[in-house]
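Trainee: Coordinates only, no sequence provided:
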């Protein structure tokens, strides 16, 4: 069931009845993997992806992952509503985080000015 949701019934059925192995390029074409890299580049590719994810706010990552999971099995309208709510919640959280950062930066600046007088 999960395989047919990811690659479609025809491709899943072909894989089932033939039992043939597929290569990396075919797995990419079928959508079973996100990207294919040379074996000697694998560690660098994994580390770059990890750095990219780690640079994002943890709240945004958690919210995004939950929204993707929640949309599984929804009709298109409900999925759009779910994604919209997640985006709004994410923007509000990021705005709040920026506001808090700006407040503390202003406070640090003000404390430095007080010491200089």
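Mentor: Perfect, thanks for sending it. All values reported here derive from a predicted model rather than from experimental measurement.

Trainee: Only C-alpha atoms from now on, for both contacts and neighbour counts.
Mentor: OK.

Trainee: Identify the residues contacting residue 12.
Mentor: 3-4 (Cα atoms under 8 Å, 6 or more residues apart in numbering).

Trainee: any idea how far residue 2 is from it?
Mentor: 10 Å (Cα to Cα, to the nearest Å).

Trainee: Poorly predicted segments of the chain, please.
Mentor: Low-confidence segments of the chain, defined by pLDDT under 70: 1, 94-97, 100, 107-117.

Trainee: switch to 90 and redo it
Mentor: The model of the chain has pLDDT under 90 over residues 1-8, 31, 56-117.

Trainee: got the domain boundaries for it?
Mentor: 1-55, 57-117 (automatic domain parsing).

Trainee: burial of residue 71, as a residue count?
Mentor: When neighbours are counted by other Cα atoms under 10 Å, residue 71 registers 16.

Trainee: any idea how far it lies from residue 28?
Mentor: From residue 71 across to residue 28, the span is 23 Å (Cα to Cα).

Trainee: Same question for residue 103.
Mentor: For residue 103 relative to residue 28 (Cα to Cα), the value is 47 Å.

Trainee: Likewise for residue 76?
Mentor: In terms of Cα to Cα, residue 76 sits 25 Å off from residue 28.

Trainee: distance between stretch 59-74 and the chain's centre?
Mentor: Centroid separation for stretch 59-74 versus its chain: 9 Å, with Cα atoms, centre = their mean, to the nearest Å.

Trainee: tell me which residues in it are buried?
Mentor: 60, 64, 67, 71 (16 or more other Cα atoms under 10 Å).

Trainee: Next: stretch 14-33.
Mentor: 27, 30.

Trainee: and if you look at stretch 41-48?
Mentor: Quick answer for stretch 41-48 (16+ other Cα under 10 Å): residue 45.

Trainee: Can you give the contact residues for that stretch?
Mentor: residue 37.

Trainee: and it, how far out from the chain's middle?
Mentor: Distance, centroid of stretch 41-48 to centroid of chain: 17 Å (Cα atoms, centre = their mean).
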